[in-house]
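Student: Provided below are the primary sequence and the corresponding predicted coordinates.
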Amino acid sequence: MYKLIAIAALVASAAWGVADFAVAAGASSPSGAYAYIGYPNDGQVVPANKPFRVWFGLRYMGVAPKGVKYPNTGHHHLLIDVDLPPMDQEIPSDRNHLHFGAGETETMIQLPPGKHTLQLLMGDDMHVPHNPPVYSKKITVIAR
């Protein structure tokens, strides 16, 4: 019986080790770093089917283009109407995961009528979230 418990504990600790490794896939981020959406504000009404500006904020970390491997830097990814992706994989690139690999800190987007969510996620030089991940609060905007 004790051997069975010991084996189960060994398997569980090995599985936890794999999970910890998966989370640590991206470059390290500085302590206290955070991203935020400076505009629009949470709950704000934006024009439907017309471009509006979204600007990105970042504290305690620098912005660098994709492919530039420099400590404590990364580039923005704007997530539209989706949850955060897996933190141990490259951030997808599609209409809901917009990449700003040239180091942009703002963009113009347009949304169809309705309620939408926006969130920023920083990626390292290879588009992988940092360890620990640096992301903004998810905000809601209403397109009318």
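Tutor: In hand now; what should we look at?
Student: The residue nearest the centre of the chain: helix or strand, and which one exactly?
Tutor: In the chain, the C-alpha nearest the mean C-alpha coordinate belongs to residue 121, at 1.9 Å (CA atoms, centre = their mean). For residue 121, the element it lies in under DSSP states H and E is strand 114-123.
Student: so how far is residue 103 from residue 25?
Tutor: Look at residue 25 and residue 103: by CB to CB, to the nearest Å, they are 22 Å apart. Placement of C-beta: from N, CA and C, glycine included.
Student: Also residue 115?
Tutor: 30 Å.
Student: neighbour count winner among those two?
Tutor: Shown here are residue 115 and residue 103; by other CB atoms under 10 Å, residue 103 has more neighbours (15 against 11).
Student: Double-check the more buried one against residue 64; I have them as touching.
Tutor: Yes - using CB atoms under 8 Å, residue 103 is in contact with residue 64, at 6.2 Å.
Student: Quick check on residue 69: phi, psi?
Tutor: The phi/psi pair for residue 69 (degrees, to the nearest 10) reads phi -100, psi 100.
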